[in-house]
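Enquirer: Here you go, sequence then predicted model.
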Amino acid sequence: MSNQSQIEALLFVAGDEGISFSAISNITGFTHPAIQGIIDHLNAKYSQDNNCALELHQDEDRLYLVTKPELGGILKKYFELPANNKLSKSSLEVLVIIAYKQPITRIEIENIRGVKSTNILQKLLTKEMIQVVGRKDEIGRPIMYGTTSGFLDYFGLKSLDELPPLVDFDAIEVESGDAPQQMLFDQESTFTKPKNEELNHV
């Protein structure tokens, strides 16, 4: 396995949270200059290959593997397909957590759900049901998510104040990873039905 493929794999699994140079170095044992050289090579490779859908984005010390901006239109059409429009159970689970705990990070969401949520968050961002509302002031400065006006419209709500009460939700410690999942997921059925009844599965 080449050094480049190792770093490319780490960028892929890091998803929307990205990965720092330090984390890559700790995992692979590569020096920072070696990592930078590989990143520069990947950047050149992606930018010169018109058949490649990916590119690298760097924000301070963090690296992200993303799709090229010009593909935004085709990806939007994918998520607008009837078969991809309705919110799935998994998407609703994530939305419930974000709605009641926002602002919240991906790791905190995953601690509550007990499963990875990167792909679902990406879908909800594309559907404009959630948005990035800042970064948490801790190591790695993870992205924090909140709901959007699209979320309110979907559930026929005028504001977050109209969300139904969730019993004992404030007692949940998102860092612990031992949240009573059924209590969270049952909350889906208390939401107002979406205005657009023709939407199908995410």
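Expert: Structure received.
Enquirer: element containing residue 66?
Expert: Following DSSP states H and E, one finds residue 66 within strand 62-67.
Enquirer: again, but for residue 78
Expert: With DSSP H and E as the criterion, the answer for residue 78 is helix 72-80.
Enquirer: okay, the angle between that helix and strand 62-67?
Expert: Orientation of helix 72-80 against strand 62-67 (axes from the mean of the first three to the mean of the last three C-alpha atoms, to 10 degrees) gives an angle of 80 degrees.
Enquirer: Which neighbouring elements make contact with helix 72-80?
Expert: Where contact means 3 or more C-beta pairs under 8 Å, 6 or more residues apart in numbering; DSSP states H and E, helix 72-80 is packed against helix 118-126. The C-beta positions use only the backbone N, C-alpha and C, and glycine is treated the same way.
Enquirer: and the helix it packs on, what does it pack onto?
Expert: When contacts are defined as 3+ C-beta pairs under 8 Å, 6+ apart, helix 118-126 packs onto helix 72-80, helix 89-101, helix 106-113, strand 130-135.
Enquirer: Residues contacting it, please?
Expert: With contact meaning C-beta atoms under 8 Å, 6 or more residues apart in numbering, helix 118-126 is reached by 15-17, 75-76, 79, 90-91, 94-95, 106, 109, 130-132, 145, 202.
Enquirer: Stretch 19-32 now?
Expert: Applying C-beta under 8 Å, 6+ apart, the contact partners of stretch 19-32 are 3, 6-7, 10-11, 35-36, 38, 61-63, 140.
Enquirer: let's see 7 Å
Expert: With contacts defined as C-beta atoms under 7 Å, 6 or more residues apart in numbering, stretch 19-32 is touched by 3, 6-7, 10-11, 35, 61-63, 140.
Enquirer: in stretch 97-111, what's buried?
Expert: For stretch 97-111, the neighbour count (16 or more other C-beta atoms under 10 Å) marks 97-101, 104-111 as buried.
Enquirer: now, among these, which is nearest to residue 156?
Expert: Among those, residue 99 lies closest to residue 156 (C-beta to C-beta), at 13.7 Å.
Enquirer: Next one, pLDDT for that closest one please.
Expert: Note on residue 99: pLDDT of 91.
Enquirer: what residues are up against it?
Expert: With C-beta under 7 Å, 6+ apart, residue 99 has these contacts: 147, 160, 163.
Enquirer: which of those residues are buried?
Expert: 147, 163.
Enquirer: Quick one, which of the contacts of residue 99 has the minimum pLDDT?
Expert: Minimum pLDDT for the contacts of residue 99 is recorded at residue 163 (83).
Enquirer: Skip the chain neighbours and tell me the closest residue to it.
Expert: residue 99 (6.0 Å; C-beta to C-beta, 6 or more residues apart in numbering).
Enquirer: hang on, the earlier thing: of all the buried residues of stretch 97-111, which two lie farthest apart?
Expert: 99 and 107 (17.8 Å).
Enquirer: Model confidence at the most centrally placed residue in the chain, what's the number?
Expert: With distances taken as C-alpha atoms, centre = their mean, residue 121 lies nearest the centre of the chain, 3.2 Å away. We have a pLDDT of 90 for residue 121.
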